[in-house]
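Participant: sequence plus the predicted model coming up.
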Amino acid sequence: MTKMEISRRKFIVASAAVGGGLMIGFNMSKANAAAVSNYPHMIPTDKEGVEVNAWLTIDPESIVTVRVPHTEQGQGALTSVPSMVAEELDIPWANIRAVFADANRHVNYGEEYVNMGTAGSNVVRSRHPHIMQAGASARERLKEAAAQAWGVARADVLAQQGLLTSGNNTGTYGEFASAAATVQLDAEPDIKDPSTWWFLGTPVNRLEIPHKVNGSAQYSIDTRLDNMCYASVKSCPVPWGELKSFNADAIKDRPGIIAVIELKSAPADVQGARGNNAQRSAIAVVADSWYRAKTALELMPIEWDYLGNEVVDNGVMMQRLTDAVNARGDAEEEIGANALELIAAAPADKVLEGTFFRPYETHARMEPINATVSVGPDRIDVWSPSQNQSLALTMAATTAGRDTKEVWPHTVFIGGAFGSGGGGAGHVTRQATQLSLEVGRPVKLIWTREEDISLDIQRQIQMAYFQAAIGDDGLPSAWFSRSTEDSAIVSMPYLVPNRRHEIAEFETHIPTGSHRAPGNNSSVFMIEQFVDEVALAGGWDPLDWRLKMTEGLPSWQLVLNTMKEKAGFRTDLPKGEGMGVAICEDHNSIAAACATVTVSRRGQLTVERVQTFVDSGYYINPLNCAEQSEGAACWELTHAWLGGLDMRQGRFVNTNYDTYPMLRIAQMPPVELTLTPLGGEIWGGMGEPSGPPTPAAIANAIFFATGKRVRTTPFKNHDLSWS
């Protein structure tokens, strides 16, 4: 045999090239296209297609290329959007290809894709009407074109599996695509009723997975351009602090240095001084390699003005939170009689109370925050991790002072997001644009992991206080809650006759925003543990209590009864073993979890199994639903078990994976999803709902295993030992 030297990346790419399967293509620059030119599976079709509408083209072989306006960050949009189009167009799945839609076209020519944002479990939940109508409209245009050619009524033409037929007349979609492109319908067709689906609702493998496995998938960080330079940036480690001074002379003679550039914080009238996409005060070093830029930046003397926030640490924040939840607030929700008076009048042995806490938590997405921008005389090219590529376009245009028609985003994969694009997607795009503008060359800007976590838009810290009075029937007669976060607590479904919820305000200099399942992610951990405490105090089985307290709510009853039937929930397992349940509403879906844990005598926690149950109204791909349920459970379990940011002197100090650990493979339990779609008018999301009930179910299971209530996270900080 001939001895060969081959890298792992080359091996898996070469191995994939000989495989079959449905392939996808991407809109990309010539520079990126050159990197994958040897892999024809990245090209949707080798024949020119006819644009029937902005969403799709059809080539002579009836290969349909669907333009996907949403980003692919692991949630499956590159499969979901073509699936919905295929259903309405009635085309074999093997004939479908997918490319990212053109953000420049969307922004500058009438927003043909309606909305390019990818967040809030919205791709299917909220976008399905216009996505499916795009497929239905193309189908009817094809039928009309055939009807005109054959001299029959459109109603007499059948469009099915890529073929048009009427009596003895037959033709392919490809044959009539050109004529269909000129058809104007009197009215756009309605989309199908789910009861008539032929394709949606069946399991389909995600299209992008082979490319992620074989190494051909292109991420923002993979961008390579001619004459490109690299930048490393450092913002004030205390959020919203300002740069006072820096000594560029100290590093000017280091190899490869091109420029040292101050990035000023944006005024409020331009970006919103403290909005999620605001540019903070920072200093950047540009060099001929990222390592040289990063090293020089670390060696350069920098002085910051912390604006007084350097006095804030964990203790200060806890005191502010405690003061807030102990002070009377304004009622956000009030039902029935005065709950506080009823609780005060109840016998002491019939009153429960509890305080719960979740710390700041970070996105910590896999791909470091980065962007590449090339500002030229006639156009600006942008590779951004933004979850909304049209927003990346407008941010680059605003920063460079250019017309939006001159800006061209190149949509590539995002290496994770979990809400807010990982927290720095807009920020890094603005920075890279300014740097390219000033040095006159393409610039790739990469944040270090420490910069990524320090500058993240964090998950809000939260504390909540609960009280409840138990009536003679063992059910709560009055319920009071006060929380530092306006959250899911206010919309708690349980049918307590007298209830009051208050919002407690406190001061913080930490920027916060949406993380996966915003609001619910922390609040459900608190609500669903206190629910267990109230149920047990009243002599109720926790699952039966939830069924009783949601009577008259069909979706809640369906999910809870399914969990009762399938999960095998018990409260009488041997010491050291426990099961726990929790449920919530999230993004229009009702989601529940049943967790099984074991805890050793020394306190070592093992999560053995998580069963999830979701009513999303409808689902289009059960396989992707299962994957999203697994991912959401893993995301929340990671934060609840291992997460939590440590604040000292106004800044976070655990800003890399050695001090902010991720869940290990050996710690991850199997997650088993049961779908319980009720149908009706509601379309729920699937990307987030399984997350929030998972930590609460595990915490409740820990109680049954050990007798210890874990009202704060992370779990790792608790002594779970028992005897």
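Facilitator: In hand now; what should we look at?
Participant: helices of the stretch 201-350 of the chain, start to end?
Facilitator: Ranges of helices within the stretch 201-350 of the chain are 209-214, 268-271, 290-299, 314-325, 339-345, based on DSSP state H, counting those that start in this stretch.
Participant: what comes up buried for the first one?
Facilitator: Right, the one you point to is helix 209-214. In terms of neighbour count (16 or more other C-beta atoms under 10 Å), helix 209-214 has its buried residues at 209-211, 214. For the C-beta atoms, the positions are set from N, CA and C on the backbone; glycine is no exception.
Participant: for residue 285, state which of the residues you listed is nearest.
Facilitator: residue 211 (33.5 Å; C-beta to C-beta).
Participant: what's the pLDDT at the closest one?
Facilitator: Per-residue confidence (pLDDT) for residue 211: 90.
Participant: these two touch, right, it and residue 219?
Facilitator: No - counting by C-beta atoms under 8 Å, residue 211 stays clear of residue 219, with 10.7 Å between them.
Participant: Three-state assignment for residue 536, please.
Facilitator: With DSSP: H, G, I helix; E, B strand; the rest coil as the basis, residue 536 sits in helix.
Participant: list the contacts of it.
Facilitator: residue 542 (C-beta atoms under 8 Å, 6 or more residues apart in numbering).
Participant: nearest spatial neighbour of residue 379, skipping sequence neighbours?
Facilitator: residue 406 (5.2 Å; C-beta to C-beta, 6 or more residues apart in numbering).
Participant: hang on, the earlier thing: nearest to residue 54, out of the buried residues of helix 209-214: which one, please.
Facilitator: Distances from residue 54 to those, taken as C-beta to C-beta, are shortest for residue 211 (24.7 Å).
Participant: where's that closest one relative to residue 72, distance?
Facilitator: According to C-beta to C-beta, to the nearest Å, residue 211 stands 10 Å off from residue 72.
Participant: what's the spacing between the spatially most central residue of the chain and residue 688?
Facilitator: In the chain, the residue lying closest to the centroid (C-alpha atoms, centre = their mean) is residue 418, at 3.3 Å. Using C-beta to C-beta, one gets 9 Å for the distance from residue 418 to residue 688.
Participant: ok, residue 374 next?
Facilitator: Distance, residue 374 to residue 688, by C-beta to C-beta: 35 Å.
Participant: between these two, which one's more packed in?
Facilitator: Comparing residue 374 with residue 688 by other C-beta atoms under 10 Å, the one with more neighbours is residue 688, at 30 against 24.
Participant: ok, the more buried one touching residue 519?
Facilitator: No - if you go by C-beta under 8 Å, residue 688 and residue 519 don't touch, sitting 10.6 Å apart.
Participant: send me stretch 134-153 as PDB with only the CA atoms.
Facilitator: Output of stretch 134-153 as PDB, limited to C-alpha atoms (Å, rounded to 0.1, in the frame of the first residue of the first chain):
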ATOM      1  CA  ALA A 134     -45.400  31.000  -1.200                       C
ATOM      2  CA  GLY A 135     -45.500  27.300  -2.100                       C
ATOM      3  CA  ALA A 136     -49.300  27.400  -2.700                       C
ATOM      4  CA  SER A 137     -49.000  30.500  -4.900                       C
ATOM      5  CA  ALA A 138     -46.300  28.800  -7.000                       C
ATOM      6  CA  ARG A 139     -48.500  25.700  -7.400                       C
ATOM      7  CA  GLU A 140     -51.500  27.700  -8.500                       C
ATOM      8  CA  ARG A 141     -49.400  29.700 -11.000                       C
ATOM      9  CA  LEU A 142     -48.100  26.500 -12.500                       C
ATOM     10  CA  LYS A 143     -51.700  25.200 -12.700                       C
ATOM     11  CA  GLU A 144     -52.800  28.400 -14.400                       C
ATOM     12  CA  ALA A 145     -50.000  28.300 -16.900                       C
ATOM     13  CA  ALA A 146     -50.900  24.700 -17.800                       C
ATOM     14  CA  ALA A 147     -54.600  25.500 -18.000                       C
ATOM     15  CA  GLN A 148     -54.000  28.300 -20.400                       C
ATOM     16  CA  ALA A 149     -51.800  26.100 -22.600                       C
ATOM     17  CA  TRP A 150     -54.400  23.300 -22.700                       C
ATOM     18  CA  GLY A 151     -57.500  25.500 -22.900                       C
ATOM     19  CA  VAL A 152     -59.000  24.200 -19.700                       C
ATOM     20  CA  ALA A 153     -60.000  25.700 -16.400                       C
END
